[in-house]
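Chemist: structure, please.
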Amino acid sequence: MTTALYRRYRPESFADVIGQEHVTEPLVQALRSGRVNHAYLFSGPRGCGKTTSARILARCLNCEQGPTPEPCGTCESCVALARGGPGSVDVIEIDAASHGGVDDARDLRERAAFGPAQARYKVYIIDEAHMVTPNGFNALLKVVEEPPPHVKFIFATTEPEKVLATIRSRTHHYPFHLVPPQRLTAYLEQVCGQEGVALEPGVLSFVTRAGGGSVRDSLSVLDQLMSGAGEEGLTYERTAALLGFTDVELL
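Modeler: Okay, here's the model as predicted:
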């Protein structure tokens, strides 16, 4: 069994995140100057790097050399939070779609009071944050407003307008964007080179169009094409047929 491309090429540092420099550069500067906020809100379309950036930020905060914009990659925390790593007990990812109720929020609030077990900070990454119920947000409000010094919150959502305004006002909000086709095509070409896959001209323009500017979606499409490719690699004709592009659409 091979790992999916989007997991295999998941960025491990802010330098590896493509097309989001308006987010990564301020975060790097905040880490460099020691002015990291206690709560962040990452918003934007799916597959643009919100949760990945949250994990990178947690890695930067808990690195033995840190907080640092460039994790060492060798300390216990960096290895635990690396791509494919076992994870850290002090970096807690919560899927609000299934844990967004008031009882879950109260449980989080109570656990946040305890210090981290191993790392410098206890980092809560709350994915699909718009799914937290109004009562859940109200239960979280006090701890997000005045968290213990060892706690950081990172909310990730595709619908920031559904996040309670009082919570939003207490975070630094960074909007992620879809990646421009030219930038995405260059990145996919680099991935194909690393994977040793031959491709005909025009194939990647189909992939970026099918992916709609989402890095994860584009890598998923590329993964599917590579799985079914023969010795000749990714051909123009087969790609157009598989992705459902007609002659009229191509024109």
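Chemist: count the neighbours of residue 195 for me.
Modeler: Neighbourhood size, residue 195 [other Cβ atoms under 10 Å]: 13. Every C-beta, even on glycine, is put in place using the N, C-alpha and C of the backbone.
Chemist: pretty sure it sits against residue 227.
Modeler: No: between residue 195 and residue 227 there is no contact under Cβ atoms under 8 Å: 11.3 Å.
Chemist: can I assume residue 117 sits in a helix?
Modeler: No: per DSSP: H, G, I helix; E, B strand; the rest coil, residue 117 lies outside any helix segment and is coil.
Chemist: chain neighbours aside, what residue packs nearest to residue 162?
Modeler: Using Cβ to Cβ, 6 or more residues apart in numbering and skipping the chain neighbours, the partner closest in space to residue 162 is residue 130 (3.7 Å).
Chemist: confirm the one you found sits in a strand?
Modeler: No: using three-state DSSP, the assignment for residue 130 is helix, not a strand.
Chemist: how many other residues sit next to it?
Modeler: 18.
Chemist: and it, what does it touch?
Modeler: For residue 130, the contacting residues are 96, 157-160, 162-163, by Cβ atoms under 8 Å, 6 or more residues apart in numbering.
Chemist: are any of the residues you listed buried, and which?
Modeler: With burial judged by 16 or more other Cβ atoms under 10 Å, the buried subset of those is 96, 157-158, 160, 163.
Chemist: top helix in the chain by residue count?
Modeler: In the chain, with assignment by DSSP state H, the single longest helix is helix 181-195.
Chemist: mind listing what's buried in it?
Modeler: 181, 184-185, 187-188, 191-192.
Chemist: now the next helix or strand after it, how far from the centre of its chain.
Modeler: Proceeding N to C from helix 181-195, the next assigned helix or strand is helix 203-211, under DSSP states H and E. With Cα atoms, centre = their mean, to the nearest Å as the basis, helix 203-211 stands 21 Å off its chain's centre.
Chemist: the very next helix or strand once past helix 203-211 vs helix 203-211, what angle?
Modeler: Sequence order places helix 215-227 as the next helix or strand after helix 203-211, per DSSP H and E. With axes from the mean of the first three to the mean of the last three Cα atoms, to 10 degrees defining the directions, helix 215-227 sits at 130 degrees from helix 203-211.
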